[in-house]
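> What shape does this take:
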Amino acid sequence: MKKSLFGLLLLSLPAFALAAKLPVVASFSIVGDMAREIGGDRVDVVSLVGPDQDAHVFQPSPADVKKLSASRLFVTNGLGLEGWMGRLTKASSFRGVLVEAGKGIKTRMAPEEEGEAHGHDAVDPHAWHDPQRVQVYIRNITAGLIKADPQGKADYTRRAAEFAAKVKQQDDWAAKEFAAIPAAKRKMLTSHDAFGYLGERYGIKLLAIQGVSTEAEASAKGVAQLVRQVRQEKVSAVFMENMTDKRLLEQLTREAKVKIGGELYADALSKPSGPAGDYLKLFHYNVETILKSIR
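Purely as a prediction, here's the structure:
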């Protein structure tokens, strides 16, 4: 009798529940969470660069090569964020579906001096801080999942629509909150130039010690100029980031005589127990933290 009931239970399960999950590798925690939100129970997602880690300076290990070679879908941000990606895909002989989540968005270029430092025009890769551009991320990741696992199309499409609606809800809330603050007060300083898309979306003037990549070190001359600018423009919203060295920012705030207003999550989620354990929480937490400092 027990054996018969077990058989009936198996027959009642959806087909995907009996099959192995789609192995997905994500380049870093934020696009990994998006893939998990859209993929649901059909996918098993591993992020190479985990919570509170910096994708700019990541160096893949032999274990990462092994993870990618065993996956069927590789979700990346693109836009120049993962400079190590070409070496990794070649070393792993990856034969699955490659998704560049940021492909097709309207990109933001780094300030002219940052481009000169890189020897070319530098694209800002941090587009996930603009929820409107994240809608493109959602469409690209969904298309990749369907290509790798066509049988899951209905599930992926439904979950993508639900996730897109939640992202839009956050965007609508943030737009309303920022619009209530005079434009002259919407100024902030961060460790590196990771929030340009957020600033562009909600009309926030941004200053940063480092450029769009944490690989380039700030010059003493640049820091001195920032100290003067912070004083002249009376910037009161100054933030650390969860994955960058805080010592330079602390030095600047001492010299400019301003206080650090908190920690923002720029290029990585927090650990699950933290305040930014998934993309929606990251966005909401960052916006609330900024609003508290500029009101």
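> now the longest helix anywhere in the chain: mean pLDDT?
Secondary structure of the chain per DSSP state H: the longest helix is helix 153-179. In this model, helix 153-179 has an average pLDDT of 98.
> Just the CA trace of the next helix or strand after that helix, in PDB.
Using DSSP states H and E, the helix or strand that follows helix 153-179 in sequence is strand 187-192. As requested, the backbone C-alpha atoms of strand 187-192 are provided in PDB (Å, rounded to 0.1, in the frame of the first residue of the first chain):
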ATOM      1  CA  LYS A 187      24.200  65.200  -4.100                       C
ATOM      2  CA  MET A 188      26.300  62.300  -2.800                       C
ATOM      3  CA  LEU A 189      29.900  61.000  -2.700                       C
ATOM      4  CA  THR A 190      30.800  57.300  -2.900                       C
ATOM      5  CA  SER A 191      34.000  55.300  -2.800                       C
ATOM      6  CA  HIS A 192      34.000  54.500  -6.600                       C
END
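> For strand 187-192, name the packing helices and strands.
strand 205-210, helix 220-233, strand 238-241, helix 247-256, helix 279-294 (3 or more CB pairs under 8 Å, 6 or more residues apart in numbering; DSSP states H and E). All C-beta atoms are positioned from the backbone trio N, CA, C, and that covers glycine.
> Out of the ones you listed, the one nearest Ala20 is which?
Distance to Ala20, taken as CB to CB, is lowest for helix 279-294 among those, at 26.0 Å.
> Which strands or helices does the closest one pack on?
Using 3+ CB pairs under 8 Å, 6+ apart, the elements in contact with helix 279-294 are helix 29-39, helix 153-179, strand 187-192, strand 238-241, strand 260-264.
> ok, residues contacting the third one?
Same thing as strand 187-192. Strand 187-192 is contacted by residues 195, 199, 204-214, 226, 230, 233, 235-241, 244-246, 248-249, 252, 264, 266, 290, 293-294 when judged by CB atoms under 8 Å, 6 or more residues apart in numbering.
> go again using 6 Å as the cut-off
Identification of contacts with strand 187-192 by CB atoms under 6 Å, 6 or more residues apart in numbering yields 205, 207-210, 214, 235, 237-239, 241, 244, 249.
> Buried ones from those, can you make that a ChimeraX selection?
Those of the contacts of strand 187-192 that count as buried under 16 or more other CB atoms under 10 Å are selected in ChimeraX with:
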select :207,208,209,210,214,235,237,238,239,241,244,249
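> out of the contacts of strand 187-192, which one sits closest to Ala148?
The nearest member of these to Ala148, counting by CB to CB, is Thr214 at 31.5 Å.
> follow-up on the earlier one: what comes up buried for the longest helix of the chain?
So for helix 153-179, counting by 16+ other CB under 10 Å, buried means Asp155, Tyr156, Arg159, Ala160, Phe163, Ala164, Val167, Gln170, Asp171, Ala174, Ala175, Phe178.
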